[in-house]
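Visitor: give me coordinates for this.
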Amino acid sequence: MTRKTMVYVGCVFMALLLLNVGCQSKVDALQTAPDFSLKDVNGNDITLSQFKGRIVVLDFWATWCPPCRMSIPELTRLQKEFRSQGLVVIGVSLDDPVQASNLFLKAFMEKFDMNYKVLRYDMKVMKDYFGADNPAIPTMFVIDRDGKIRNKIVGYRHGMLKKSIEALLQ
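Guide: Coordinates of the predicted model:
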């Protein structure tokens, strides 16, 4: 292969790589959290940007997920403990609206004493946060007061979320 051909092949390879990366919208730590507008269980529009200046825990979960259910008491405690310091917990339900209506979610929230907002997902928010990947749930994004993702916690590990929040409060 000539040097010119090698440079050409390298340029094509890099272009394809950059195109592929550009097509996948997926966020990780230290990136700005994509804004969204989602409906809560009461039909109200909620945006991430309305919580700018606060620490946000964005929890992607579902009612049928055992680890998600295990995380609810901790999320509820953290919301209560750190609310006055600017913490906002937001649950994004990945439940199918046909199988889990808003009335079902409200009853679920009451049964589990959930003291935070629960929103309905859409495909845009899924693409923005997970790209083409199938998300593991629960997945929690800890977003700082400037809207940057500071931590992404996949799965439920007791106490890890509290450490992440406390680090942002210092």
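Visitor: contacts and neighbour counts: CA atoms only from here.
Guide: OK.
Visitor: all strands of this protein, in order?
Guide: For the chain, the strands defined by DSSP state E occupy 37-39, 45-47, 55-61, 87-93, 117-120, 139-143, 149-154.
Visitor: what average pLDDT does the first one get?
Guide: When you say that, I think you mean strand 37-39. The average pLDDT for strand 37-39 rounds to 98.
Visitor: same deal with the fifth one?
Guide: In this model, strand 117-120 has a mean pLDDT of 98.
Visitor: could you redo the strands of the chain as a markdown table and give each row distance to L103 and mean neighbour count?
Guide: Compiled in a markdown table, the strands of the chain are given as follows (distance: least, CA to CA, whole Å; neighbours: other CA atoms under 10 Å):
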| stretch | distance to L103 | mean neighbour count |
| --- | --- | --- |
| strand 37-39 | 14 | 18 |
| strand 45-47 | 17 | 14 |
| strand 55-61 | 17 | 25 |
| strand 87-93 | 13 | 23 |
| strand 117-120 | 12 | 22 |
| strand 139-143 | 24 | 24 |
| strand 149-154 | 28 | 19 |
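Visitor: mind checking which of these is nearest C68?
Guide: Closest to C68 of the strands of the chain, according to CA to CA: strand 55-61, at 5.7 Å.
Visitor: output that closest one as PDB, restricted to C-alpha atoms.
Guide: Only the C-alpha atoms of strand 55-61 are listed here, as PDB (Å, rounded to 0.1, in the frame of the first residue of the first chain):
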ATOM      1  CA  ILE A  55     -28.300  19.100  42.800                       C
ATOM      2  CA  VAL A  56     -30.500  16.700  40.900                       C
ATOM      3  CA  VAL A  57     -30.600  12.900  41.100                       C
ATOM      4  CA  LEU A  58     -32.100  11.600  37.900                       C
ATOM      5  CA  ASP A  59     -33.200   8.000  38.500                       C
ATOM      6  CA  PHE A  60     -34.200   5.800  35.600                       C
ATOM      7  CA  TRP A  61     -36.300   3.000  37.000                       C
END
